[in-house]
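>>> A structural model of the following input is requested.
(one chain, ligands or ions: 1)
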Amino acid sequence: MKNEFEKHIDNYLNSLRPCMITDAIRYAMDGGKRFRPRIIFSIMKGLSLDEKLSYDAALALEMIQTYSLIHDDLPAMDNDDMRRGKPSLHKAFREDVAIITGDELLNDAFKVVAQSSSYSPQCKVNIISALGKYAGLDGMVYGQLLDITSDNDSITIDKLKEIQENKTGGLFKISCLIPMYIAGLDKEEYFTNLGKQIGYIFQNQDDLFDLIKSEEEMGKLHSDVKNNKGTALSLYSVDELKKVIDEEFDELYSYLEDAPFDPVYLKELIEALRNR
Ligand code: GRG
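This is a model prediction of the structure:
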């Protein structure tokens, strides 16, 4: 049975104009792990807030996550044929349709927050600004630029961390900031650093799994080597990278000791991340 957030996504999908783009959005949104929304819900619980209040912002973030994957899979980017365990959008539909479906998801993400009845005007401005900032040139888009212009031979640890903080950490920063805005807290630095740290771990794990897990388990093809991408495995052996990831988890746990919310729910999610 679908959980409440999945039903919220369905309600959004059912509100869209029936056309090929809507079919493509429905196809692309299906099958994600919803890890970024789940971070939001864990922090909401830790702040003793009803997680439903965050659903529109979480939906917007998941829409931006989905657009980024659609565009990342395009022939001009990673050229991946599989995503979320099925043919990537440009394979299942058409390349031109995939491009504008990504565009539409990005546009509509801002509209979903702007039209939400869950947030005060100031809270909407804060959430929309964070989405624009950290999914854009102060986050994911900048990270993607660094990523597509880096290669296996020229990557350094500093460059790798900069890519991870922006490309992957950008959306995790938003996950952590959304509950902060909803709660009306003023702790931007704490929540941004929390998202950054989760981003490092998530991306290092992704690079590791790209090598050691099967394509079936990953739900996508192993394209980093094919594309001569600079990844953590350009710099570390598998065992070294596992150690780096363990140290990053330790740092995350010690950071959570100063959390301005009850971290018990986020820790549960982080444990699931550790054991995935
Ligand atoms: C900015 C034009 C433009 C395109 C965006 C940033 C980007 C391109 C793509 C990101 C692709 C990527 C592999 C990012 C690293 C983070 C990562 C591992 C994403 C996959 O996230 P999961 O595993 O995926 O949470 P699901 O499908 O579960 O949502």
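>>> ranges for the helices of the stretch 1-150 of the chain?
All helices of the stretch 1-150 of the chain, identified by DSSP state H, counting those that start in this stretch, fall at 4-14, 20-29, 35-46, 55-73, 89-92, 95-114, 121-134, 140-148.
>>> Show me what counts as buried in the helix or strand harbouring residue 206.
Element membership for residue 206, per DSSP states H and E: helix 188-212. Buried positions in helix 188-212, judged by neighbour count with 16 or more other C-beta atoms under 10 Å: 190-192, 194-208, 210. All C-beta spots, glycine's among them, are computed from the backbone N, C-alpha and C.
>>> circling back: kindly reformat the helices of the stretch 1-150 of the chain as CSV containing mean pLDDT, mean neighbour count and distance to residue 231.
What follows is the helices of the stretch 1-150 of the chain, written out as CSV (pLDDT from 0 to 100; neighbours: other C-beta atoms under 10 Å; distance: least, C-beta to C-beta, whole Å):
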stretch, mean pLDDT, mean neighbour count, distance to residue 231
helix 4-14, 98, 15, 31
helix 20-29, 98, 19, 24
helix 35-46, 98, 23, 19
helix 55-73, 98, 25, 14
helix 89-92, 98, 20, 23
helix 95-114, 98, 18, 23
helix 121-134, 98, 19, 22
helix 140-148, 97, 19, 9
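>>> any chance of the ones you listed in TSV, plus distance to residue 260?
Listed next are the helices of the stretch 1-150 of the chain as TSV, based on distance: least, C-beta to C-beta, whole Å:
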stretch	distance to residue 260
helix 4-14	24
helix 20-29	32
helix 35-46	9
helix 55-73	19
helix 89-92	39
helix 95-114	23
helix 121-134	16
helix 140-148	25
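>>> near the ligand, which of the buried residues of helix 188-212 show up?
203, 206 (C-beta under 6 Å from any ligand atom).
>>> Tell me which residues touch residue 188, please.
Taking C-beta atoms under 8 Å, 6 or more residues apart in numbering, we find residue 188 in contact with 177, 180.
>>> can you pull the pLDDT of it?
Predicted confidence (pLDDT) for residue 188: 98.
>>> closest one to residue 161 among the helices of the stretch 1-150 of the chain?
helix 140-148 (10.5 Å; C-beta to C-beta).
>>> Kind regards, and thank you for your time.
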